Structure formats: structure tokens, C-alpha cells
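> next comes the sequence, and after it the predicted model I'd like to discuss.
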Amino acid sequence: MTATDARSLAGGTTIAYRPALDGLRAWAVVAVVLYHAGATSALPGLAPGGFLGVSVFFTLSGYLVTTLLIRESSRPDGLRLRRFWVRRVKRLVPVSLTVVALSVVLSATFWPGMAASDAAAGIFGYTNWHVIGSGEEALLRTIVGPLGPYWSLAVEEQFYVLLTVAVLLAWRTARPIRTLSIVVTTGWLASVAAQMLLDGPQFRFEFGTDTRGSELLAGCGLALGLHARPDLLDRARMLLPWLGVGAFAVVIGLAATTDYDPPWLLHGGYAAVSLASAVLVASLLLPGPLTRLLATAPTVAIGRLSYSWYVVHWPMILILTADRTGLDRWPLVALKVAASLAAAVALHLMIEQPLRRADATARAVAVAWLGASISVVAMAIIVL
């Protein structure tokens with residue numbers, strides 16, 4: 001990658017496509033799927049720390065979303081957040097809304113304890129606080145129900161809103177990038193402080209937007225740093241790829257050995273992982289052994305459908321139990337992985353990509369989102 005490419009990626013008018021970033025998405029989603037498949041198939045040691053794939057997703061999303069917003073600011077017609085939100089809605093909502101609707105329809109057969117409030121939380125992006133507010137009594141229904149993984153989607157959606165507000169305020173100042181950098185740095189430190197100082201049950205730290213925000217903000221900081229100093233990539237060309245290999249080894253090692261959310265991880269550990277993830281993302285912007293490994297065609301293909309796979313994998317895993325399939329352990333894990341991947345491919349090809357590419361005005365997208373969301377909530381109230 002040339003210096004010109006680096007400047008483009010860090011904040012110019014275009015963003016160069018980096019296949020290795022899709023490859024990183026693939027690793028993250030596979031880690032999560034193996035973690036859930038193993039834990040529900042009498043193989044909890046398969047990927048005991050696979051949930052750290054979500055942490056990597058957070059930091060990568062923070063980097064990409066901030067880079068997109070910086071690109072918007074450099075357009076001749078200036079910063080227009082409407083474009084950003086139209087892309088977000090078209091990218092995220094169709095698949096997530098489809099899975100909510102299917103979960104409601106199938107609830108009587110597979111998860112009769114599901115509540116309409118679970119569906120509403122998934123649709124409107126507050127599943128994490130819904131889980132926290134429901135308390136320990138309802139924890140199994142909300143987080144182990146079909147829409148449990150929506151807690152991380154909620155954290156990201158809330159982060160997008162907060163970042164949009166921060167960008168709007170920063171762009172009213174004389175030096176918007178500097179202002180936004182101060183806000184992001186302060187936010188990261190505040191999130192670490194929340195992890196260290198707040199009191200509450202484990203799930204409060206695991207699902208809180210404030211306690212998990214450091215992972216997203218680390219990606220934001222990377223994007224802002226590369227925008228302010230695009231020469232940093234060239235200057236780190238010899239060292240950074242190997243630092244990325246080390247960071248990847250650390251994250252893989254934690255995913256292979258970490259028990260479910262130990263106290264050290266909830267109280268500062270996720271912030272440390274966010275820094276390793278930021279180094280990992282930065283390293284994939286340069287040529288290197290890890291970049292080549294993650295840019296292989298099969299890995300990139302999985303990364304491109306990682307969102308659909310993440311959203312649909314948990315309901316599929318809950319449906320494919322040992323009692324229903326007559327399988328256990330490794331055969332059951334293989335079935336869960338294969339079936340959920342097949343469902344993800346269908347969602348990706350039939351829902352995600354066609355609607356993402358659809359040509360529609362901002363008004364049409366907003367009306368479609370609101371109408372579809374209200375319809376699914378009404379169906380949930382009736383059915384559940």
C-alpha cells in the first residue's frame with residue numbers, strides 16, 4: 001500500500017477496500033459461533049473465550065464507522081449525516097428485523113417463554129439495557145433467548161447515535177478533528193473508569209454501553225490518528241505487521257483459554273483487548289503475513305456474510321438441540337455450524353445484499369424502517 005492509499009483510507013474522499021478486514025470479521029464470527037455451538041453441545045472447552053470475537057467486532061466497527069464519517073466531512077457538499085444513517089439502516093435493519101420476525105413466528109414451537117418486550121428491544125436497539133433492567137430473574141429468557149446476541153447490536157447502534165452527536169458538535173468548532181479526538185479519548189478513559197469503579201452484577205459490566213464503549217472508541221481513536229497522521233503507516237511499515245501478528249496471537253490465545261467473562265476481563269480487561277484489537281486492525285492496512293493470511297478468498301467470503309451469520313446463528317443453535325437431532329458433541333457442533341452458515345448465506349443473498357444495494361431516498365428508507373418495525377412489534381404483541 002502506498003502513502004497515497006494510506007491517506008485515502010485514513011480520511012480522503014474514498015476508502016480503499018481491504019480484504020483482510022473482512023478476513024478479520026470472519027475470524028471474529030467463527031470464534032463466536034464455535035463458542036456458542038460448543039457450549040450448547042457438551043463441548044464448553046471448544047472455544048471458551050470465543051465471545052472475544054464480539055470485542056474485535058466492536059473495535060473494527062469503531063474504526064470503519066469513524067473513517068466513514070471523516071470521509072463524509074471531506075465531500076464537496078460537506079458533512080451530511082443523512083447519507084451515513086441511510087447506509088446504516090439499509091446495511092443492518094433488514095436482516096435483524098427478519099430474524100426478529102422469524103423468532104416471533106417460531107416462538108410457540110421453540111421458545112415459548114419469549115416476550116414481546118424482547119422483540120421490541122431487538123428492533124429498536126436497546127437489548128443490552130433490556131437485559132440489564134430485567135434483572136437476574138429474567139436473564140435466561142432475555143440473553144439466552146433467540147435474540148440474546150442482539151445486545152451487541154444494541155451497543156453498536158447506541159454508539160452510532162452518540163458518535164453522530166459528537167461529530168455534529170465537533171464540526172461546529174474551529175478544529176473538528178482535534179475536538180472529536182479529545183471527545184473520543186475522554187470517552188475511552190471514562191469507559192475504563194466505569195469498568196473499574198461501578199458496582200453491580202456481572203451482566204451489568206458485560207452488557208453496559210458505558211462499560212463496553214472502550215472497545216468501540218479504540219477503533220475511533222485509530223481512525224482519527226491515521227487521519228491526523230497518515231504518514232504513520234509508512235513509518236511503521238517494518239514493525240506494525242509483526243505487532244499485528246503478536247496482537248492476533250494474544251486475541252486467539254485468549255479466545256482459546258479464557259473462561260466466560262472472568263472479573264479481570266470485565267474490570268479493565270476489555271479495554272486492554274481493545275488496544276490489542278486496534279493494533280491488529282492497523283496492521284491489516286499494510287502488507288504482511290497476517291494480511292495475506294486473512295485476505296484469502298474463503299476467509300473474505302465468510303467475512304462478507306459475517307453480519308448475517310452473527311444475527312442468525314444463535315436461533316439456529318437453539319433449535320438444533322441434542323433431543324431434536326439425536327446428535328451430541330462434535331457431530332452436533334458440526335450440524336449447528338453448517339446449518340447456521342447455510343441460513344446466513346440465504347439471508348445474505350436474499351435480504352442483506354439486495355436491500356443494501358436498493359436505490360431509495362432517505363424518506364423512503366425511514367418510512368419503510370418505521371412501518372416494518374411497528375408491524376413486527378404489533379405481531380409480537382399479538383403472538384406472544
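Alright, I've got the coordinates. Nothing here was measured: the structure is a model prediction, and the numbers come from that model.
> buried sites along the host helix or strand of Leu280?
Counting by DSSP states H and E, the element that carries Leu280 is helix 270-283. Burial within helix 270-283, assessed by neighbour count using 16 or more other C-beta atoms under 10 Å, is assigned to 270-271, 273-283. Every C-beta, even on glycine, is put in place using the N, C-alpha and C of the backbone.
> spatially central residue in the chain, please.
Phe57 (4.3 Å; C-alpha atoms, centre = their mean).
> regarding the closest residue to it other than its chain neighbours, which helix or strand does it belong to?
Leaving aside its sequence neighbours, Phe57 sits nearest to Ala28 (C-beta to C-beta, 6 or more residues apart in numbering; 5.1 Å). Using DSSP H and E, Ala28 sits within helix 19-39.
> so how far is the helix or strand encompassing the residue nearest to the centre of the chain off the chain centroid?
Counting by DSSP H and E, the element that carries Phe57 is helix 52-73. How far helix 52-73 lies from its chain's middle: 9 Å, per C-alpha atoms, centre = their mean, to the nearest Å.
> quick one, it and helix 19-39 angle?
Here helix 52-73 runs at an angle of 150 degrees relative to helix 19-39 (axes from the mean of the first three to the mean of the last three C-alpha atoms, to 10 degrees).
> what's the angle from helix 52-73 to helix 270-283?
60 degrees.
> buried ones in helix 52-73?
Result for helix 52-73 [16+ other C-beta under 10 Å]: buried residues 52-67, 69-73.
> ok so, going back, for the buried residues of helix 270-283, give me TSV that also has pLDDT and distance to Ala228.
As requested, the buried residues of helix 270-283 are exported to TSV (pLDDT from 0 to 100; distance: C-beta to C-beta, whole Å):
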residue	pLDDT	distance to Ala228
Tyr270	95	26
Ala271	96	22
Val273	96	24
Ser274	96	19
Leu275	97	18
Ala276	96	22
Ser277	97	20
Ala278	97	15
Val279	97	18
Leu280	97	20
Val281	97	17
Ala282	96	14
Ser283	96	19
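> nearest to Thr258, of those?
Val273 (9.9 Å; C-beta to C-beta).
> just checking, that closest one touches Phe51?
No - assessed by C-beta atoms under 8 Å, Val273 is found out of contact with Phe51, at 11.0 Å.
> thinking again about what came up before, elements contacting the helix holding Ala28?
helix 52-73, helix 270-283, helix 289-294, helix 297-304, helix 306-319, helix 329-347 (3 or more C-beta pairs under 8 Å, 6 or more residues apart in numbering; DSSP states H and E).
> circling back to that earlier point, ok, the residue nearest to the centre of the chain - contacts?
By C-beta atoms under 8 Å, 6 or more residues apart in numbering, the contact list for Phe57 reads Arg25, Ala28, Val29, Ser152, Tyr310.
> which residues of the stretch 151-300 of the chain fall in helices?
176-197, 202-207, 209-228, 231-235, 240-257, 263-264, 270-283, 289-294, 297-304 (DSSP state H, counting those that start in this stretch).
> can you classify Ala16 as helix, strand or coil?
Secondary structure, DSSP: H, G, I helix; E, B strand; the rest coil: Ala16 is coil.
> so for it, what's the pLDDT?
Here, the pLDDT recorded for Ala16 equals 77.
> tell me how many other residues crowd it.
15 (other C-beta atoms under 10 Å).
> now it: how far from Leu284?
Distance from Ala16 to Leu284, counting by C-beta to C-beta, to the nearest Å: 12 Å.
> same question for Leu43.
Leu43 sits 30 Å away from Leu284, going by C-beta to C-beta.
> list phi and psi for Gly208.
In terms of degrees, to the nearest 10, the main-chain angles of Gly208 are phi -70, psi 140.
> report the contact partners of it.
Asn128, Trp129, Ile132, Ala194, Leu198 are the contacts of Gly208 under C-beta under 8 Å, 6+ apart.
> which one of those is nearest Val250?
Of the contacts of Gly208, the one sitting nearest to Val250 (C-beta to C-beta) turns out to be Ala194, at 23.5 Å.
> that closest one contacts Thr211, correct?
Yes - here Ala194 reaches Thr211: they are 5.1 Å apart, a contact under C-beta under 8 Å.
> quick check: nearest residue in space to Ser277, chain neighbours excluded?
Thr59 (3.8 Å).
> show me what contacts that neighbour?
So Thr59 contacts Glu215, Leu216, Ala218, Gly219, Leu222, Ser274, Ser277, Ala278, Val281 (C-beta under 8 Å, 6+ apart).
> and if we set it to 10 Å?
Neighbour list for Thr59: 24, 28, 214-222, 273-281 [criterion: C-beta atoms under 10 Å, 6 or more residues apart in numbering].
> what's near enough to touch Thr185?
Leu217, Cys220, Gly221, Leu224.
> again, but for Ala346
By C-beta under 10 Å, 6+ apart, the residues touching Ala346 are Leu305, Ser308, Val312, Glu352.
> for the third one, give me its contacts.
This points to Val312. Val312 touches 95-96, 98-99, 102-103, 146, 149, 339-348, counting by C-beta under 10 Å, 6+ apart.
> and the closest residue to it other than its chain neighbours, how close does it get to Glu157?
What sits nearest to Val312 in space, not counting adjacent residues and going by C-beta to C-beta, 6+ apart, is Ala343, at 4.8 Å. In this view, Ala343 and Glu157 are 22 Å apart by C-beta to C-beta.
> again, but for Val300
26 Å.
> likewise for Arg292?
33 Å.
> of those two, which one has the most company?
Set Arg292 next to Glu157 and count neighbours by other C-beta under 10 Å: Glu157 wins out with 21 against 13.
> what pLDDT does that one get?
For Glu157, the predicted pLDDT is 96.
> overlap of the contact sets of Val273 and Phe51?
Counting by C-beta under 10 Å, 6+ apart, the residues touching both Val273 and Phe51 are Thr258, Leu265.
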